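Student: Got a sequence here, can you model it:
(one chain, ligands or ions: 1)
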Amino acid sequence: MFGIGKKKDFTATITNTGESFDVKGGINLLQAALNAGVKWPHDCRVGSCGSCRAIVKSGKIKELSDFAYVLDGEQLKAGMVLACQSRLQSDIEVEVDFDQGALS
Ligand code: FES
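Tutor: Alright, predicted model coming up:
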């Protein structure tokens, strides 16, 4: 659909709830979670509010925009990402900030 060739599908697992869902190729992590019915916190969906933040425990993502505009150095060092601005490059395990502030 986008670009050349078919993008791969991966699986994301939320470590703090045990939920897993498929992330179809080319879809960002937040959109895949919402498609799967996960109540992932979010607001802007464009990488500016920080409410979709999560910590990657294992696996690789590609940043669609620079997280450093929203997340500070400590958060970045801890592996924090913005789900609405993350595309998977492997299966991943993430901890999601459902309580908004619990991970910061
Ligand atoms: S939903 Fe606002 S930064 Fe992701």
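
Student: Which strands or helices does the longest helix belonging to the chain pack on?
Tutor: For the chain, the helix with the greatest residue count under DSSP state H is helix 29-35. For helix 29-35, the packing partners by 3 or more Cβ pairs under 8 Å, 6 or more residues apart in numbering; DSSP states H and E come out as strand 10-14, strand 20-23, strand 86-88. The C-beta positions use only the backbone N, C-alpha and C, and glycine is treated the same way.

Student: From residue 89, how far out is the nearest residue to residue 100 once chain neighbours are set aside?
Tutor: Excluding the flanking residues, the one nearest residue 100 by Cβ to Cβ, 6 or more residues apart in numbering is residue 41, at 5.9 Å. Relative to residue 89, residue 41 is positioned 23 Å away (Cβ to Cβ, to the nearest Å).

Student: Check residue 21 too.
Tutor: In terms of Cβ to Cβ, residue 21 sits 17 Å off from residue 89.

Student: neighbour-wise, which of those two wins?
Tutor: Under the criterion of other Cβ atoms under 10 Å, the comparison of residue 21 against residue 89 puts residue 21 first, with 17 against 12.

Student: Get me the contact residues on the chain for the ligand.
Tutor: 42-45, 47-52, 82, 84 (Cβ under 6 Å from any ligand atom).

Student: Now, these that are in strands?
Tutor: Among the residues of the chain next to the ligand, DSSP state E puts residue 82 in strands.

Student: Residue 62: which of the residues of the chain next to the ligand is nearest?
Tutor: Comparing these against residue 62 with Cβ to Cβ picks out residue 82 as the nearest, at 12.1 Å.

Student: any idea whether the nearest residue to residue 87 once chain neighbours are set aside is helix, strand or coil?
Tutor: Nearest non-adjacent residue to residue 87, counting by Cβ to Cβ, 6+ apart: residue 62, 4.7 Å away. Of the three states, residue 62 takes strand under DSSP: H, G, I helix; E, B strand; the rest coil.
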